[in-house]
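Engineer: need a 3D model of the sequence below.
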Amino acid sequence: MTGERYVRRFSRTERAVHWVHASAFLVLLGSGLVLYLPSLATEIGRRPLVKDVHLFTALAWAIALLAVVALGDRRGLRATTRELDVFDADDRRWLLGRHVRQGRFNAGQKLNAALTAAFAVLLAVSGVLLWLGERDTRFRLDSTIVLHDVVAYLSVALLAGHLYLAVIHPSTRHALRGMTVGTVREDWAREHHAKWPTDAQ
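Structural biologist: Model prediction:
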């Protein structure tokens, strides 16, 4: 439509953080499934190679995130982190199913960001312990593999919900534009994030 106005929702740095994390997670999920499921492991074979892909993707993920933070808009990332960390009264009412005005991030997106970050830390720590445990029995803890597996399952469930809202659900899929090109329609922003657009222009 001609005459549509757009507002910037995400900076290049914010989008880079998102896509680095998303792409690494998908590779880690795929390689992890091959390592976890005997049928896939048998079908694909080359388990040592898949294990190396899993390990080096995790290392590349951490290095790439650090590089984006170091070279990107750190001030903007700090401001975004503050936005995501604050749950106000409207956010709490939103989580209870009430229709209330939301800021640039609604309460569901804030919760998703918090869980994603927590799961990433838990997967990284348990993954390092599993790697060390293969080399030194002092690091072999019975609960480590259980933690890694359970958090992976929870991460897949979170990803499924995220993809549904970003790609399929009619009223929210426009948000994907914000994470690909950085801008969203102003009318959409006013409808879904009414507390934010006037400050975003």
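Engineer: so what's the most centrally placed residue in the chain up against?
Structural biologist: Residue closest to the average C-alpha location in the chain (Cα atoms, centre = their mean): residue 116, at 5.1 Å. Applying Cβ atoms under 8 Å, 6 or more residues apart in numbering to residue 116 gives the contacts 21, 155, 158. The C-beta positions use only the backbone N, C-alpha and C, and glycine is treated the same way.
Engineer: now do residue 89
Structural biologist: Under the criterion of Cβ under 8 Å, 6+ apart, residue 89 has no neighbours.
Engineer: which pLDDT value goes with it?
Structural biologist: At residue 89, the model reports a pLDDT of 94.
Engineer: what's the offset of stretch 48-56 from the middle of its chain?
Structural biologist: In terms of Cα atoms, centre = their mean, to the nearest Å, the centre of stretch 48-56 is found 22 Å from the chain centre.
Engineer: and if you look at stretch 146-158?
Structural biologist: 14 Å.
Engineer: can you pull the buried residues of that stretch?
Structural biologist: 147, 148, 151, 152, 155 (16 or more other Cβ atoms under 10 Å).
Engineer: how close does the first one get to residue 122?
Structural biologist: So that's residue 147. 7 Å (Cβ to Cβ, to the nearest Å).
Engineer: how about the fourth one?
Structural biologist: According to Cβ to Cβ, residue 152 and residue 122 sit 10 Å apart.
Engineer: and for the last one?
Structural biologist: In this structure, residue 155 and residue 122 are separated by 9 Å, where distance is defined by Cβ to Cβ.
Engineer: related to what we said a few turns ago, make sure the residue nearest to the centre of the chain is indeed in a helix.
Structural biologist: Yes. Residue 116 sits within a helix when classified using DSSP: H, G, I helix; E, B strand; the rest coil.
Engineer: let's see stretch 128-137 as CSV, backbone CA atoms only.
Structural biologist: The C-alpha trace of stretch 128-137 is given here as CSV (Å, rounded to 0.1, in the frame of the first residue of the first chain):
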residue,chain,number,x,y,z
VAL,A,128,31.2,-27.6,28.6
LEU,A,129,30.8,-30.1,31.6
LEU,A,130,30.0,-32.9,29.2
TRP,A,131,33.0,-32.1,27.0
LEU,A,132,35.3,-31.9,30.1
GLY,A,133,33.8,-35.1,31.5
GLU,A,134,34.9,-37.0,28.4
ARG,A,135,38.5,-36.0,29.2
ASP,A,136,38.5,-36.0,33.0
THR,A,137,36.2,-38.2,35.2
